[in-house]
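A.B. asks: need coordinates for the following:
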Amino acid sequence: MPAPLSSSPRLDRRVHLLLLDDQDRLMLCRACCSGWTVPQVLLDSGADFRESATRFLAERFQIREPRYGSLYGIHTTRAGDCWQHDQPTISHVFLVRISAEESDAIQQLSAAHARWGVEELKSRHRDISPEGVVLMTAGYVEGWLPDGPISLS
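C.D. replies: As a prediction, the model looks like this:
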């Protein structure tokens, strides 16, 4: 007898990393369709969000001791409001402060990396995914978001 099919959709778990350098420039990676995105990590079901982010930063960008900002967000979509994906998603968004040297090293990895300041982020917000990254970054840099954890759920 075949195993019954699960009626619940697979849960998408990911970390979005807002890498902000000493000059308040956000690191972006060229995405498909001429757009830009922040670095992100897809996680297995049991993986810890922060540990996975720390491991990714060390492996991909050689950032060994990331300085996480005091602002992070958690966004959870339900099956009915998946505006970005066709499945429920839990996204943790971490702001990570990086040095000018770390920022320069990432920029030199590939022409697919860019650093934009707040004004350029605001003027080109439609080119950047996921939605809300520019708002969170501008709020943190401009100081109008609270100092501490916030929930976007």
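
A.B. asks: quick one: low-confidence ranges for the chain?
C.D. replies: Where the chain drops to pLDDT under 70, the residues are 1-10, 70-75, 77-87, 146-153.

A.B. asks: okay, strands next: where are they in it?
C.D. replies: Secondary structure of the chain (DSSP state E): strands at 12-20, 26-30, 36-37, 40-42, 67-76, 89-97, 113-116, 128-129.

A.B. asks: nearest to residue 141, of those strands?
C.D. replies: When those are ranked by distance to residue 141, counting by CB to CB, first place goes to strand 12-20 at 7.3 Å. All C-beta spots, glycine's among them, are computed from the backbone N, C-alpha and C.

A.B. asks: next one: that closest one to chain centre, how far?
C.D. replies: Taking CA atoms, centre = their mean, to the nearest Å, the mean C-alpha location of strand 12-20 is offset from the chain mean by 3 Å.

A.B. asks: hmm, back to that, out of the strands of the chain, which comes closest to residue 145?
C.D. replies: strand 67-76 (5.9 Å).

A.B. asks: report the contact partners of residue 69.
C.D. replies: For residue 69, the contact set (CB atoms under 8 Å, 6 or more residues apart in numbering) comprises 18, 20, 94, 95, 96, 97, 140.

A.B. asks: if you set the cut-off to 7 Å instead, what comes out?
C.D. replies: With CB atoms under 7 Å, 6 or more residues apart in numbering as the criterion, the residues that contact residue 69 are 95, 96, 97, 140.

A.B. asks: what about the first one, how many neighbours?
C.D. replies: Other residues within reach of residue 95 by the criterion other CB atoms under 10 Å amount to 22.

A.B. asks: for it, give the beta-bridge partners.
C.D. replies: residue 18 (DSSP bridges).

A.B. asks: kindly report the same for residue 116.
C.D. replies: When bridges are called by DSSP bridges, residue 116 pairs up with residue 26.

A.B. asks: go ahead and confirm it touches residue 29.
C.D. replies: No: between residue 116 and residue 29 no contact is recorded; they are 11.7 Å apart, counting by CB atoms under 7 Å.
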